[in-house]
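J.: using only what follows, build the 3D model:
(chains A and B)
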Amino acid sequence: MQFLVITLRRCGLGLGLLLAVLVLNFLLMHLAPGDVADSIAQDAGGLDAEVMAQIRKDYGLDLPLWEQMLKYFYSVAQLDLGYSFYYNQPVTTLILEKLPATLLLIISAQVVSILVGVVLGVIAARKPNGVASHFVTILSLVGYAAPVFWTGIMLIILFASMIPLFPIGNMVDVSVERTGFAYMVDVLHHLVLPMLTLSSIFIALYSRLARASMLDVLGSDYVRTARAKGLSEFQVVFKHALRNALLPVVTTAGLVFSGIVSGAVLVETVFSWPGLGTLAVQAIVARDTPTILGILFFSSLVVVVANLLTDMLYRIIDPRIKTAETSEI
Amino acid sequence: MTPISTTLVTAYYDYQRTQAMGLTKQWVSALGAVLLALSAVSVQAETPKRGGTLVWSIGTTPRHLNPAVQSGIATGAPGAQLFATLVRFDDKWNARPYLAKSWQTSADGLAVTFNLVEGATFHDGTPITSKDVAFSIKTIKANHPFKTMFRAVSSVETPNPNTVVFKLSQPHPALMLALSSQLGSIIPEHIYGDGQDPKKHPRNSKDVVGSGPFKLVEFVRDQHIIMERYENFFIEGRPYLDKLVIRIIKDPSARSLGRENGEIHLSAFESTPQDILHSKNVPHLTATDQGYAAIGPITWLAFNTKKKPTSDKRVRQAIAYAVDRDFLVNAVMMGTSRPAYTGIHPDSIFHEPNVARYDLDIDKANAMLDEAGYARGADGMRFPLTVDFGWPSAKPMAEYMKPQLKKIGIDVTVRTSAGFPAWAKTVSTWDFDMTVDVVFNWGDPVIGVHRTYLCDNAKKGVIWSNTQQYCNPKVDAILAKAGQENDQQKRIALYSSAQKIIADDVPIYFIDTVPYHTIFNHTKVGNPPATIWGTCSPLDEVYLKN
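T.: Down below sits the predicted model:
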């Protein structure tokens, strides 16, 4: 019961957050001068005065700002994200078209960086002053310091140009038609470089975290007890120590999820990955307000959902949390 | 470009590469290059090969694929493959038959009759008739942003399915360009005439039924446009290519690497100097700036001619003398662009090279400002000015103005805008002193050049109108006459005099051409597009070698 109440409360907070995101961004979008009619003029190489006026009228841009805002929120309340000014298509269609690619990229990057990060962290923590530990430290410093778009271009130069193992970008090789399994392999082949690029930062982060908390846990009494019981090293490290050491990693994974989503924007641009990031950049450049707000709505939703999932995951990994809540309420 | 000249270009670049090598290797490689060129000539003299998939990259996603209602190069390039036009242009500004096999203009210039090719069909097999042509022109006239293209067309008559008569309210020499690729696409009435708004028609991006050499297979936004040969295309044996794949890659360095590793055969509208220069060092690549004559992109510094002190012609001339065009072309653009002296692109037949050029002369500029009454103050400055720019690639030009104009006592502030729309708003509401800008000619001066100078086109809120608010009745009169002059020689003379007057008035200081280049893999691509519309014209003659 308490669990349900807490989940509901979290959902309520999430909804409030979504609304705040929309209002804030709606206002931000209108702070800068110029609108979508200007960007349509840019693509067209010039527009006649009458055409420009018609565009503004069609999209209601000639109305006062508060009226535009009310209209927008009225339609959002009815779960209609509106019509893209720039693409002349419903925003929901545009986003749903792009969402799978972005989800594939961010989820795979998240999974890979947690797995690799934790393993590296554990290896480093086992011998804090060993070669492996120093290697992990250097790797994480470099990974964390390098801008993600730079890493991306470097990986392209290395693995697409000098050693042509992977394609330079896009999601599928369109010069050959593929279906079924071959298509899946092709997508994975295209996914490798962008996924590695996006993971690079987070591998660094998770490996540092895992290393620190592993060191902490490995020195605690119950680990010594486990060792004294004569358990194998594997059992001590992975069954006893790691389960506790994972908690900070899971917390951070939830917290930085929004970072992954925004990192994806850059990675998608470098690799022409057809996700929400590419769409978002185009929409911001074009002042396509409904599309930007729609994307922000969806990405906030993804972050909120990810945080809710983190909360639940917590309860599975660490039963103590459940009891703490019960006694709190 | 003919196949032979392509080979020569190739040999030339081979030669250039040998220059970079050591002296010992030089002769051997030069000999090799000559032999290679000779063998290539004999190979290329053969008829173009049929078949293959051309991979072509572009940097922006088109809003949709229907050029009849959407202007711009993003839609124009794929649009020209999907949709045919009545005429097409060669590389020397001559109109050639396309959907129209012949045409006649009446003696008074007020009626132009086109005879259509027989047996031409849309991609769904429906015959292309004069009715479709009339419908297309009506649609373009109502929806296309360039109103000057067909404003003079009062009606389009269809006496029989293969004859179209354009009735004009005044002689309209721009008609032929308006009916060529990129501008005058012929669209099927049975698809787009269903009463829906053609600008938002669902068939603009999906299941496009066109009239051109290639038909649409798939368009995935931000990813690719795939087209395949239309087997019943009205020109026998064309196109040569089986398939045309346009990859949409926004990052210029990714495109550059793709060309280098062979993933991309051809890229158009490449304008990053570094990438252009780099491609010249890659053995299998050729970079050419041919194919942009009609687009006619020019970078310039525009003045607000209604705001002090740039309202004073002497001030504008002094600034013109102070700016070093050669430095901008050779250092900032690294020699990839060409100097521009007028608002008409140097590759246009209407370009007049002999105008006031304002070659660098700081002393003269200072003297002119002294004479105009703008004495230097205690700090050595005469007056402050702002300079705007609307997109990142224009930034170096705007920044250059600050130290350079300081030399003549002008205190320049560089203003950065939050993207193109913000810049457009600032400039089009005349809230600026100077701005760096890029404007396209769009083929005929009536379409893309007149708009910059006509007194009555100073329309507040409209970017790329006469935002300088320049007004010279003499220029107005000449442009009006040139817009109706069917004799090409007389027309050239009229534009020549207009360009001279404008150069003297300097509402705009012209800097250089935008260094658009087509970069292609010359070991793969035969007959690279080199007409005045470049890749925005049908690529039915392009073929893949081996």
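
J.: residue contacts, B:Glu263?
T.: Residues in contact with B:Glu263, defined by C-beta atoms under 8 Å, 6 or more residues apart in numbering or on different chains, are A:Pro167, A:Ile168, B:Val55. To be clear about C-beta, it is placed using only N, CA and C from the backbone, and glycine gets the same treatment.

J.: for the residues you listed, pick the one with the most neighbours.
T.: A:Ile168 (30 neighbours; other C-beta atoms under 10 Å in any protein chain shown).

J.: quick check: it vs B:Asn261, distance?
T.: 7 Å (C-beta to C-beta, to the nearest Å).

J.: now do the shared contacts for those two.
T.: Contacts common to A:Ile168 and B:Asn261, judged by C-beta under 8 Å, 6+ apart, are A:Ala160, A:Ser161.

J.: re earlier: between the contacts of B:Glu263, which is closest to A:Lys239?
T.: A:Pro167 (41.3 Å; C-beta to C-beta).

J.: just checking, the closest one touches A:Ser175?
T.: No. Using C-beta atoms under 8 Å as the test, A:Pro167 is too far from A:Ser175 to be in contact (10.7 Å).

J.: mind listing what's buried along the host helix or strand of A:Arg9?
T.: For A:Arg9, the element it lies in under DSSP states H and E is helix A:2-31. Of the residues in helix A:2-31, A:Gly14, A:Leu18, A:Val21, A:Leu22, A:Asn25, A:Phe26, A:Met29 count as buried by neighbour count, 16 or more other C-beta atoms under 10 Å in any protein chain shown.

J.: would you mind putting these into CSV with distance to B:Ser279 alongside?
T.: Listed next are those as CSV, based on distance: C-beta to C-beta, whole Å:
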residue, distance to B:Ser279
A:Gly14, 50
A:Leu18, 47
A:Val21, 43
A:Leu22, 45
A:Asn25, 40
A:Phe26, 44
A:Met29, 38
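
J.: out of those, which touch chain B?
T.: When contact is defined as C-beta under 8 Å from any C-beta of the partner chain, the buried residues of helix A:2-31 do not meet chain B at all.

J.: what is the nearest of these to chain B?
T.: A:Met29 (10.5 Å; C-beta to the nearest C-beta).

J.: quick check: the residue in the stretch 1-150 of chain B positioned nearest to chain A vs A:Leu47, distance?
T.: Among all residues of the stretch 1-150 of chain B, B:Ser71 sits closest to chain A, at 3.9 Å; criterion: C-beta to the nearest C-beta. For B:Ser71, the distance to A:Leu47 (C-beta to C-beta) stands at 8 Å.

J.: out of the two, which sits in the more crowded spot?
T.: Using other C-beta under 10 Å, the more surrounded residue of B:Ser71 and A:Leu47 is B:Ser71, with 29 against 26.

J.: tell me the pLDDT of the residue nearest to the more buried one when sequence neighbours are not counted.
T.: Distances taken as C-beta to C-beta, 6 or more residues apart in numbering or on different chains place A:Ala44 nearest to B:Ser71, at 3.9 Å, with adjacent residues excluded. Looking at A:Ala44, its pLDDT stands at 82.

J.: now do the same contact list for A:Ala44.
T.: By C-beta under 8 Å, 6+ apart, the residues touching A:Ala44 are B:Gln70, B:Ser71, B:Gly72, B:Pro145.

J.: the closest residue to the third one other than its chain neighbours in helix, strand or coil?
T.: Across the structure, with C-beta to C-beta, 6+ apart as the measure, the residue nearest B:Gly72 apart from its sequence neighbours is A:Asp43 (4.5 Å). The assignment at A:Asp43 comes out as helix when based on DSSP: H, G, I helix; E, B strand; the rest coil.

J.: let me know the secondary structure of B:Ala384.
T.: Small correction: residue B:384 is Pro, not Ala. Strictly by three-state DSSP, B:Pro384 counts as strand.

J.: tell me the one among the contacts of A:Ala44 nearest to A:Asp58.
T.: So of those, ranked by how close each gets to A:Asp58 (C-beta to C-beta), first place is B:Pro145, at 13.9 Å.

J.: which SSE is the residue of the stretch 401-546 of chain B found nearest chain A in?
T.: Here the stretch 401-546 of chain B gets closest to chain A at one residue, B:Pro421, 2.9 Å apart by C-beta to the nearest C-beta. Here B:Pro421 sits within helix B:419-428, counting by DSSP H and E.

J.: please state the offset of that helix from the chain centre?
T.: 22 Å (C-alpha atoms, centre = their mean, to the nearest Å).

J.: for my notes, confirm B:Ala268 occurs in a helix.
T.: No. Applying three-state DSSP, one finds B:Ala268 to be strand, outside a helix.

J.: touching, it and B:Trp56? I think so.
T.: Yes. Under the criterion of C-beta under 8 Å, B:Ala268 makes contact with B:Trp56 at 7.4 Å.

J.: which one of these two has more residues nearby?
T.: More crowded of B:Ala268 and B:Trp56, by other C-beta under 10 Å: B:Trp56, with 26 against 22.

J.: give me the nearest residue to the more buried one, chain neighbours excluded.
T.: Once flanking residues are discounted, B:Trp56 sits nearest to B:Leu266: 4.7 Å by C-beta to C-beta, 6+ apart.

J.: A:Ala37 now?
T.: Once flanking residues are discounted, A:Ala37 sits nearest to A:Ile55: 4.5 Å by C-beta to C-beta, 6+ apart.

J.: got the contact list for the host helix or strand of that neighbour?
T.: Here A:Ile55 sits within helix A:49-58, counting by DSSP H and E. Residues outside helix A:49-58 that contact it (C-beta under 8 Å, 6+ apart) are A:35-37, A:40-41, A:47, A:61-62, B:145, B:147, B:459, B:461-462, B:465.

J.: can you list which of those residues are found in helices?
T.: Secondary structure of these is defined by DSSP state H; positions in helices are A:Val36, A:Ala37, A:Ile40, A:Ala41.

J.: quick one: which of these is nearest chain B?
T.: If you rank the ones in helices among the contacts of helix A:49-58 by distance to chain B using C-beta to the nearest C-beta, A:Ala41 comes first, at 5.2 Å.

J.: just the CA trace of the helix or strand harbouring B:Val55, in PDB.
T.: If you go by DSSP H and E, B:Val55 is part of strand B:53-58. Taking only C-alpha atoms (Å, rounded to 0.1, in the frame of the first residue of the first chain), the coordinates of strand B:53-58 have been written out as PDB:
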ATOM      1  CA  THR B  53      23.700   2.700 -57.500                       C
ATOM      2  CA  LEU B  54      25.000   6.300 -57.000                       C
ATOM      3  CA  VAL B  55      25.400   7.300 -53.400                       C
ATOM      4  CA  TRP B  56      25.100  11.100 -53.100                       C
ATOM      5  CA  SER B  57      25.200  13.000 -49.800                       C
ATOM      6  CA  ILE B  58      23.400  16.200 -48.800                       C
END
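
J.: give me the angle between it and strand B:266-270.
T.: With axes from the mean of the first three to the mean of the last three C-alpha atoms, to 10 degrees defining the directions, strand B:53-58 sits at 20 degrees from strand B:266-270.

J.: and the helix or strand that comes right after strand B:53-58, what does it pack against?
T.: Next helix or strand after strand B:53-58 toward the C-terminus (DSSP H and E): helix B:73-82. Packing partners of helix B:73-82 (3 or more C-beta pairs under 8 Å, 6 or more residues apart in numbering or on different chains; DSSP states H and E): strand B:214-220, strand B:224-229, strand B:243-248.
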